[in-house]
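*Asks:* The following block contains a protein sequence and its predicted model.
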Amino acid sequence: MSKLGYKVYNLIPWYAPSKRPQCFSNGECSTIFTALCRKYKYIIIGDLVSDGYGYIINGCSSKVIFEITNRFDAFVDENIEEYHRRFGLSLNDTNKDISIVMSSPYEDYYACQRGVHIPLYHVIRSTGYIYGILDSSNIEKRNELIIVNRSSQDISISKTELEKRFILFKLISPKDCNINILSQYKAQLILPSHITNQIIMENFKYGIVMIVPSKSLFREIVSNINYTFGAKEILQIDDGLEKYTDWYNEEFKDLIIYFNSWDDIHNIMNNSDFDKIKLKAMKYAEEYEDKIIEQWKEVLNNEEKHLISHDKPICKDSNFNDFHNY
């Protein structure tokens, strides 16, 4: 936001998303949210949408932007049906100026399955964490893969399959992972565990080449009992991987290396033009950052150039009786 010329203030809720304070029930919180709305022109609720519940149930003169990156009801334990209802109805309230920004269209599908129709939204990916300037001239290059042990499949599948084929790799923990460590290796092998991940754009930005299973191989190995993936239901949807995951986004087909079998990796390591892929990904990340700035301008100014519109909920064809706001 600072690149758009706005001063940004970071407000941290005084309550946990899993438990609302009593003042939400008796109305005593309303003065707090009314005062905040009078003070700020824009209020952006990032990551945990439930942090914005107070702006949903109270009047607010600000433009409220919900940035959904992690399911709109993440960590809501109490009164979740009531939360779904109030959130859905707020999107139809003409007295409120609410905009939705999501990191993936899957967030729309997920909300739809819970009875919430999101008629208008922008899709804006994260640029990821911005590190300091990387000095690649001082980095020792290793002719190996690197795996960050973030999920069960990184050991139970990746480590096992690579060891079977005597492919050199380094397995590190997330706490030991940083851009300087990743840059030492030829590529990072990733078995997707989430729909999208800010790591994708971070790696593009810093020239970390990624090797990922092809769609057909992913469909095969995700059925493994040890495989963790946050949205297996999209595998039952036509083109679900292409529609709802960044890993198989058509835009990235030349920026990520895909392998059809574990036996392919030897050939990939020996014959791929890693430098070409690295430079192409870095250029994409640079251009996409400019696009993100333009998209946020549109959101703040209520422009519709990249606005996505759905007249009907996307997850059902006929029976909409169970929707809170349709």
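*Replies:* Okay, I see it. Numbers count the residues shown, from 1 in each chain.
*Asks:* so the residue lying closest to Val116 once chain neighbours are set aside is in which element?
*Replies:* Among residues not flanking Val116 along the chain, Gly88 sits closest, at 4.1 Å (Cβ to Cβ, 6 or more residues apart in numbering). Where C-beta positions appear, they are placed from N, C-alpha and C, glycine not excepted. Per DSSP states H and E: Gly88 is located in helix 80-90.
*Asks:* The residue nearest to Val116: what's it in contact with?
*Replies:* 115-117, 323-325 (Cβ atoms under 8 Å, 6 or more residues apart in numbering).
*Asks:* so which of those residues is the most crowded?
*Replies:* Using other Cβ atoms under 10 Å as the neighbour test, the contacts of Gly88 are led by Val116, with 24 neighbours.
*Asks:* In terms of pLDDT, where does that one sit?
*Replies:* Listed pLDDT for Val116 reads 95.
*Asks:* Who are the contact partners of it?
*Replies:* 72, 84, 87-88, 91, 323-325.
*Asks:* Which parts of the stretch 151-300 of the chain are helices?
*Replies:* Under the criterion DSSP state H, counting those that start in this stretch, the stretch 151-300 of the chain contains helices at 152-153, 160-164, 179-182, 198-206, 215-221, 240-244, 264-271, 274-300.
*Asks:* Tell me which of these lies nearest to Ile80.
*Replies:* Among those, helix 240-244 comes nearest to Ile80, with 22.4 Å by Cβ to Cβ.
*Asks:* which residues are contacting the closest one?
*Replies:* 104-106, 109, 195, 215, 218-219, 231, 234-235, 237, 247-250.
*Asks:* Now that helix: buried residues?
*Replies:* 240-241, 243-244 (16 or more other Cβ atoms under 10 Å).
*Asks:* Over to stretch 281-288?
*Replies:* Going by neighbour count (16+ other Cβ under 10 Å), the buried part of stretch 281-288 is 281-282, 284-285, 288.
*Asks:* How about stretch 19-39?
*Replies:* So stretch 19-39, judged by 16+ other Cβ under 10 Å, has buried residues 20, 24, 29, 33-34, 36-37.
*Asks:* Now tabulate those in JSON lines and tack on distance to Ile293 and secondary structure.
*Replies:* Formatted as JSON lines, the buried residues of stretch 19-39 follow (distance: Cβ to Cβ, whole Å; DSSP: H, G, I helix; E, B strand; the rest coil):
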{"residue": "Arg20", "distance to Ile293": "35", "secondary structure": "coil"}
{"residue": "Phe24", "distance to Ile293": "35", "secondary structure": "helix"}
{"residue": "Cys29", "distance to Ile293": "34", "secondary structure": "coil"}
{"residue": "Phe33", "distance to Ile293": "29", "secondary structure": "helix"}
{"residue": "Thr34", "distance to Ile293": "31", "secondary structure": "helix"}
{"residue": "Leu36", "distance to Ile293": "26", "secondary structure": "helix"}
{"residue": "Cys37", "distance to Ile293": "25", "secondary structure": "helix"}
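*Asks:* can you redo those as a markdown table with distance to Asn260 and pLDDT?
*Replies:* Listed next are these as a markdown table, based on distance: Cβ to Cβ, whole Å; pLDDT from 0 to 100:
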| residue | distance to Asn260 | pLDDT |
| --- | --- | --- |
| Arg20 | 49 | 76 |
| Phe24 | 52 | 77 |
| Cys29 | 55 | 83 |
| Phe33 | 53 | 89 |
| Thr34 | 57 | 89 |
| Leu36 | 52 | 92 |
| Cys37 | 53 | 93 |
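*Asks:* Looking at the residues you listed, which is nearest Tyr9?
*Replies:* When the buried residues of stretch 19-39 are compared against Tyr9 (criterion: Cβ to Cβ), the nearest one is Leu36, at 10.0 Å.
*Asks:* Now the closest one. Nearest residue, chain neighbours left out?
*Replies:* Ile43 (6.8 Å).
*Asks:* Provide the secondary structure category for that neighbour.
*Replies:* strand (DSSP: H, G, I helix; E, B strand; the rest coil).
*Asks:* For it, give me its contacts.
*Replies:* 36-37, 52, 55, 60, 62-65.
*Asks:* and the contacts of helix 240-244, which are buried?
*Replies:* Here, 16+ other Cβ under 10 Å leaves 104-106, 109, 195, 215, 218, 231, 234, 247-249 buried among the contacts of helix 240-244.
*Asks:* What residue, apart from its backbone neighbours, is nearest Gln113 spatially?
*Replies:* Closest to Gln113 by Cβ to Cβ, 6+ apart is Cys315, at 5.4 Å.
*Asks:* ok, now which ones touch that neighbour?
*Replies:* Neighbours of Cys315 in contact, by Cβ under 8 Å, 6+ apart: 109, 112-113.
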